[in-house]
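>>> my questions are about this predicted structure, shown below with the sequence.
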Amino acid sequence: MTDTPPPFLEELYKTIKQYDNKDAEEILQKIINGVKLTEDELEEAFYEVLPWISLSMLNKLYKRNKTKAEQEWEEISSVRLDLDSWGMVENLEILPLIDAKTDNSDLKTEQGVSYLVKADDTTILFDLGINKERKHPSPLLHNMEVLGESVSDIDYIFISHPHGDHCGGGMWTRENTFGLSAEQIDLSHATAFTPTEMKHETAKVKHITQPMILGKGIASIGPITQPMFFMDKTIEQALVINLKGKGLVIIVGCGHQSVSSIVERTENIVDKKVPIYAFIGGVHLPIPRFPGVNDWMEIPFYKFMGTRRPIWEPWSEKDVQDAINSLKTRNIQKVSISAHDSSDESIEAFKKEFENFIDLRVGKPIVF
């Protein structure tokens, strides 16, 4: 063996041995020892070793992102909202404008999210859907018109995270912005709160870096960084409303952060002095498969690609039960789960566990 083999090769060799892949193990040992490979061995190395090297590099990036995310969590863990100055709202309505299901044939559905949140006299547009076909007017604007809602009434735009199904489509996220339709419309009257640095032609954009009060009884729990094995990382925030006489209502986009992290952060920022009353939105549990997406070559790749763990730790039913337990142990009263990123099986599991479960449907207001 050479005096100083690359450390990542040694680490990879140990990993391959764990999985009893003799062919890959022998080829990699030769590479470590500096032995020249034959043409047949080079071909075998391409098929047997290269995938392992790729996974090893991805795992190293994942571990680095995970360490950084844990450091960020600790740095923010001491941040508390001033409950006296935060205040409460007396009336709250959440109107799903975009999601995967509806009971109204006049409305359009998408594998994306947009909710109109009315907290007393403040109107918040939470996420902007996906507009996959790049239409103008978009499904979002179409549904708003059918439901009698106006863009001019929007005070705040709240972007949960910069993914296309929440920012109005990939056409906008590729430009580090967001849009309500295939053509930009005037949003100069609105303030947008984003978890990463984003821009917009007309809206006033504020980058949220930690838990922050946005208005009376309205706050962001702050961005939570979640490393993703194949997708680098996701930075997502959730909206929380302090509802008088009830408690906290959490509104979530995709739930990449994990249900446990969302509720733990929410409890932290109020020092557990206000109970969590409701949890509304996405939990990202595509088990056994991602809704609206066919398996690729009979492989349910979203079980591996969309997880918060390495590829060798795919989604399972345990993830669903863990998320349910995170809510049940806190005696959360009302739950409504988005079908845009969770399977019918996962949603049904939540429905069985919560007596006051609310079916999330486009056009059906959730009134508190």
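On my side now, so go ahead.
>>> tell me which element residue 257 is part of?
Counting by DSSP states H and E, no helix or strand carries residue 257.
>>> what is the burial count for it?
Counted by other Cβ atoms under 10 Å, the residues lying close to residue 257 total 29. Where C-beta positions appear, they are placed from N, C-alpha and C, glycine not excepted.
>>> list the contacts for it?
Counting by Cβ atoms under 8 Å, 6 or more residues apart in numbering, residue 257 touches 224, 226, 234, 236, 238, 265.
>>> burial count for the second one?
Right, the one you point to is residue 226. 22.
>>> Provide the secondary structure category for it.
With DSSP: H, G, I helix; E, B strand; the rest coil as the basis, residue 226 sits in strand.
>>> tell me the contacts of it?
Contact analysis of residue 226 by Cβ under 8 Å, 6+ apart lists 69, 233, 234, 235, 236, 256, 257, 258, 261, 308.
>>> least confident secondary structure element in the protein?
helix 7-18 (a mean of 57; mean pLDDT, DSSP states H and E).
>>> can you map out the strands along the stretch 201-350 of the chain?
For the stretch 201-350 of the chain, the strands defined by DSSP state E, counting those that start in this stretch cover 204-207, 212-215, 218-220, 224-227, 233-236, 239-243, 247-252, 276-281, 334-337.
>>> of the ones you listed, which approaches residue 55 most closely?
Set against residue 55 and scored by Cβ to Cβ, those come closest in strand 224-227, at 15.0 Å.
>>> pull the most distant pair out of the contacts of residue 257.
Farthest pair in the contacts of residue 257 (Cβ to Cβ) is 234 and 265. Separation: 14.9 Å.
>>> top of the contacts of residue 226 by number of neighbours, please.
residue 257 (29 neighbours).
>>> now do the closest residue to that residue other than its chain neighbours against residue 263, distance only.
Closest residue in space to residue 257, ignoring its immediate chain neighbours: residue 224 at 4.1 Å, by Cβ to Cβ, 6 or more residues apart in numbering. Using Cβ to Cβ, to the nearest Å, residue 224 is found at 11 Å from residue 263.
>>> low-confidence regions, the stretch 251-368 of the chain specifically.
Along the stretch 251-368 of the chain, segments meeting pLDDT under 70 span 292-306.
>>> helices along that one, start to end?
259-269, 302-305, 317-328, 344-353 (DSSP state H, counting those that start in this stretch).
>>> now for the ones you listed, which one comes closest to residue 86?
Nearest to residue 86 among the helices of the stretch 251-368 of the chain is helix 259-269 (9.8 Å), distances taken as Cβ to Cβ.
>>> C-alpha coordinates for the closest one, PDB please?
The C-alpha trace of helix 259-269 is given here as PDB (Å, rounded to 0.1, in the frame of the first residue of the first chain):
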ATOM      1  CA  VAL A 259     -42.500  18.000  11.600                       C
ATOM      2  CA  SER A 260     -40.400  17.500  14.700                       C
ATOM      3  CA  SER A 261     -38.100  20.400  13.900                       C
ATOM      4  CA  ILE A 262     -40.900  22.700  13.000                       C
ATOM      5  CA  VAL A 263     -42.900  22.200  16.300                       C
ATOM      6  CA  GLU A 264     -39.700  22.200  18.400                       C
ATOM      7  CA  ARG A 265     -38.600  25.500  16.900                       C
ATOM      8  CA  THR A 266     -42.100  26.900  17.300                       C
ATOM      9  CA  GLU A 267     -42.100  25.900  21.000                       C
ATOM     10  CA  ASN A 268     -38.700  27.400  21.500                       C
ATOM     11  CA  ILE A 269     -39.500  30.900  20.200                       C
END
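>>> and it, what does it pack against?
Contacts defined by 3 or more Cβ pairs under 8 Å, 6 or more residues apart in numbering; DSSP states H and E place helix 259-269 against strand 224-227, strand 247-252, strand 276-281, helix 317-328.
>>> contact partners of the last one?
When you say that, I think you mean helix 317-328. With Cβ under 8 Å, 6+ apart as the test, helix 317-328 has contacts from 258-260, 263, 279, 283, 285, 287, 335, 346, 349-350, 353-354.
>>> and these, which of them are buried?
Using 16 or more other Cβ atoms under 10 Å as the burial test, the contacts of helix 317-328 include 258, 259, 263, 279, 283, 285, 287, 335, 346, 349, 350, 354 as buried.
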